[in-house]
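Trainee: generate coordinates for the sequence data below:
(chains A and B)
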Amino acid sequence: DAGVIQSPRHEVTEMGQEVTLRCKPISGHDYLFWYRQTMMRGLELLIYFNNNVPIDDSGMPEDRFSAKMPNASFSTLKIQPSEPRDSAVYFCASSFTLGGGTEAFFGQGTRLTVV
Amino acid sequence: TQLLEQSPQFLSIQEGENLTVYCNSSSVFSSLQWYRQEPGEGPVLLVTVVTGGEVKKLKRLTFQFGDARKDSSLHITAAQPGDTGLYLCAGCNQIIQGAQKLVFGQGTRLTINP
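Mentor: Coordinates of the predicted model:
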């Protein structure tokens, strides 16, 4: 398996524009997580899905952020409108529930810069 | 909100020295994981600990889960420059039936100087 695939790797956009980040999880995994990483706040959980259903979106900063998982092999995180403070590295991770815990496999991330 | 506090946030030591980093919480977790992240990459799992008091060894790395399953430590013996990276702990808890949640600490940025 190629692992978790995120696109694009880098995104530079102007304030006010819509940004869509994409993720293809590992086949067979039933959990998908979206995280945001900054130096100040570390790795923050934004939202996660179980079997394509959003379970907890309490980490989504505000209504400008939305996430969808239309099927088991694809998810998007959308920011509309984007703001400079949204600049961060956004990671997607997937996992398959194990008896002893949830092992998360991460993509390489999307580095978002909003100018 | 379940919070994981890692300490120290930054650590720079010489090659060959030993070190310990800590991960603490006021919450109980069903399991706890340690990840290592290198620049430009996503975190990669090192180990999962499940049982209170559990100790796991991975070459020169020793991981321990606290008896109360609220804290963990990572000890590195004879650190090498290749150990340099961001070390993250992550706690897992069952939120609702069939669904689990994974939350991360802010990480310890470790630098091993040759």
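Trainee: when you work out contacts or count neighbours from here on, use the C-alpha atoms and nothing else.
Mentor: Will do.
Trainee: now residue A:93. Its backbone dihedrals?
Mentor: phi -140, psi 150 (degrees, to the nearest 10).
Trainee: now do the same for it: its pLDDT.
Mentor: On pLDDT, residue A:93 comes in at 94.
Trainee: that one bridge partners, please.
Mentor: Residue A:93 forms beta bridges with residue A:33, residue A:106, as assigned by DSSP bridges.
Trainee: again with residue B:13
Mentor: residue B:112.
Trainee: okay, now it: neighbour count?
Mentor: 17 (other C-alpha atoms under 10 Å in any protein chain shown).
Trainee: check the one 5 residues further on too.
Mentor: Residues contacting residue B:18 under the criterion other C-alpha under 10 Å number 14.
Trainee: that one and residue B:80 touch, don't they?
Mentor: No. Applying C-alpha atoms under 8 Å, one finds residue B:18 not in contact with residue B:80, separated by 9.7 Å.
Trainee: ok, residue 107 - contacts?
Mentor: Defaulting to chain A. Contact analysis of residue A:107 by C-alpha atoms under 8 Å, 6 or more residues apart in numbering or on different chains lists A:3-6, A:91-93, B:41-42.
Trainee: um, chain B though
Mentor: Counted by C-alpha under 8 Å, 6+ apart, residue B:107 has contacts A:42, B:6-7, B:9, B:86-89.
Trainee: please tell me how far it sits from residue B:68.
Mentor: 21 Å (C-alpha to C-alpha, to the nearest Å).
Trainee: farthest pair within the contacts of residue B:107?
Mentor: Distance extremes for the contacts of residue B:107: the farthest pair is A:42 and B:7 at 13.3 Å, using C-alpha to C-alpha.
Trainee: which parts of chain B sit against chain A?
Mentor: B:30-32, B:40-45, B:48, B:50, B:92, B:99-107 (C-alpha under 8 Å from any C-alpha of the partner chain).
Trainee: how about residues contacting stretch B:87-96?
Mentor: Against stretch B:87-96 from outside (C-alpha under 8 Å, 6+ apart): A:101-102, B:4, B:6, B:23, B:29-37, B:43, B:100-110.
Trainee: returning to what we had before: mind checking which of the residues of chain B next to chain A are in strands?
Mentor: Using DSSP state E, the members of these that fall within strands are B:31-32, B:44-45, B:48, B:92, B:99-104.
Trainee: neighbour-wise, which one of these leads?
Mentor: residue B:32 (30 neighbours).
Trainee: residues in contact with it?
Mentor: Here residue B:32 is in contact with A:101, B:48-50, B:65, B:72, B:89-92 (criterion: C-alpha under 8 Å, 6+ apart).
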